[in-house]
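Participant: Here's my sequence, what's the structure:
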Amino acid sequence: MLKEQLARNICTYRKENGLTQEELAQILGVSFQAVSKWENAQTMPDISLLPEISRTLKVSIDKLLGYLSQERPITIYEKEYNTDEYYWGTQPNKACYQVLQLMPPDRRLRLLDIGCGEGKDAVFFARNGYEVTAFDVSDAGVEKTRRLADQIGVHVNAFKADVLDYRLAAYYDIVFSSGVLHYIKPDFRDEIFENYKQFTSPDGIHVLNVFVEKPFIAPPPEKEPNAYKWYSGELLSYYHDWFIQESSEVVFDCNSSGIPHQHAMANVIAQKISSKL
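Facilitator: Numbers count the residues shown, from 1 in each chain. Sure, this is the predicted structure:
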């Protein structure tokens with residue numbers, strides 16, 4: 001697993017820095033064939049090369065190896081989550097009820113919550129009988145997800161991961177995410193969504209939403225350095241080969257920062273059809 005993670009990260013961060021395999025090889029003093037083998041997980045670079053790879057690709061060795069730094073918060077919500085109160089409350093998102101209607105847990109169903117925050121949706125799903133895995137980039141959020149699950153008396157496999165780095169390696173029946181996908185850089189979206197789709201079970205569903213840019217809505221007051229723009233129709237475009245259960249767009253009021261503002265959000269529910277109708 002480490003070899004595959006390192007291979008993917010070298011390739012990802014090399015491209016992000018605008019380097020070809022030949023250019024990276026020249027900087028490191030190795031052959032481009034060596035770099036190619038690293039990126040195809042055929043071999044791993046010598047440990048002595050990791051500091052230079054890290055400097056060249058402008059990423060820490062920890063992140064290169066797939067470990068998140070514990071020293072600094074990546075999300076602006078780390079501080080907000082580090083309290084006894086639940087910043088987003090404990091009531092589930094309305095989309096959770098759509099999941100119940102579309103794929104009720106009348107059999108074993110594996111569900112992944114991408115960017116679970118403080119766990120309100122993940123715990124709701126577990127409470128209703130789904131086998132839930134959930135991750136978030138916030139230490140405090142993951143801890144509160146586990147705490148809420150314990151209070152309710154259910155199990156959620158919650159762990160820390162960055163949506164940019166984490167890739168699925170197991171199949172899920174349901175992939176769910178709310179208010180998180182704007183953290184995915186545009187250059188990474190094709191590969192990430194291909195991974196999510198690949199590791200979705202036949203007839204499984206994706207229930208996702210993303211904030212979209214609108215000229216008539218002012219930018220949100222929160223200054224998020226790691227957020228990236230999405231546009232109307234962009235999320236839907238990743239599911240041209242799936243059955244679209246729902247595709248909608250809403251504008252809603254928000255007061256999360258203490259300053260009244262609005263968001264526009266695109267919603268998609270898509271199903272991976274296992275056979276021809």
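Participant: centroid residue for the protein?
Facilitator: For the chain, the residue nearest the mean C-alpha position is residue 163 (3.2 Å; Cα atoms, centre = their mean).
Participant: Can you list phi and psi of that residue for me?
Facilitator: Torsion angles at residue 163 (phi, psi; degrees, to the nearest 10) stand at phi -60, psi -30.
Participant: how close does it get to residue 136?
Facilitator: For residue 163, the distance to residue 136 equals 9 Å [Cβ to Cβ, to the nearest Å]. To be clear about C-beta, it is placed using only N, CA and C from the backbone, and glycine gets the same treatment.
Participant: any residues in contact with both of those two?
Facilitator: residue 115 (Cβ atoms under 8 Å, 6 or more residues apart in numbering).
Participant: hmm, back to that, pull the contacting residues for the residue nearest to the centre of the chain.
Facilitator: Taking Cβ under 8 Å, 6+ apart as the contact definition, residue 163 lies against 114-115, 137, 180-181, 183-184, 192.
Participant: Can you name the residues bridging to residue 112?
Facilitator: residue 133, residue 175 (DSSP bridges).
Participant: Check the burial of it by counting its neighbours.
Facilitator: The local packing of residue 112 (other Cβ atoms under 10 Å) involves 27 other residues.
Participant: Same question for residue 226.
Facilitator: A count of nearby residues for residue 226, using other Cβ under 10 Å, gives 15.
Participant: low-confidence ranges in the stretch 151-277 of the chain?
Facilitator: Filtered on pLDDT under 70, the stretch 151-277 of the chain yields the residue ranges 276-277.
Participant: Show me the strands in it, by range?
Facilitator: 156-160, 172-177, 200-211, 243-254, 261-271 (DSSP state E, counting those that start in this stretch).
Participant: Now render those as JSON lines, adding distance to residue 4 and mean neighbour count.
Facilitator: Listed next are the strands of the stretch 151-277 of the chain as JSON lines, based on distance: least, Cβ to Cβ, whole Å; neighbours: other Cβ atoms under 10 Å:
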{"stretch": "strand 156-160", "distance to residue 4": "18", "mean neighbour count": "20"}
{"stretch": "strand 172-177", "distance to residue 4": "18", "mean neighbour count": "23"}
{"stretch": "strand 200-211", "distance to residue 4": "19", "mean neighbour count": "20"}
{"stretch": "strand 243-254", "distance to residue 4": "31", "mean neighbour count": "12"}
{"stretch": "strand 261-271", "distance to residue 4": "27", "mean neighbour count": "19"}
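Participant: Quick one: those as JSON lines, columns for distance to residue 80 too.
Facilitator: Shown next, in JSON lines, are the strands of the stretch 151-277 of the chain (distance: least, Cβ to Cβ, whole Å):
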{"stretch": "strand 156-160", "distance to residue 80": "17"}
{"stretch": "strand 172-177", "distance to residue 80": "19"}
{"stretch": "strand 200-211", "distance to residue 80": "18"}
{"stretch": "strand 243-254", "distance to residue 80": "14"}
{"stretch": "strand 261-271", "distance to residue 80": "16"}
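Participant: quick one: the spatially closest residue to residue 177 that is not a sequence neighbour from residue 132, how far?
Facilitator: Closest residue in space to residue 177, ignoring its immediate chain neighbours: residue 114 at 3.8 Å, by Cβ to Cβ, 6 or more residues apart in numbering. Relative to residue 132, residue 114 is positioned 12 Å away (Cβ to Cβ).
Participant: circling back to that earlier point, between the contacts of residue 163, which is nearest residue 6?
Facilitator: residue 192 (17.7 Å; Cβ to Cβ).
Participant: hang on, the earlier thing: which among the strands of the stretch 151-277 of the chain is found nearest to residue 20?
Facilitator: Nearest to residue 20, of the strands of the stretch 151-277 of the chain and by Cβ to Cβ, is strand 200-211 at 31.3 Å.
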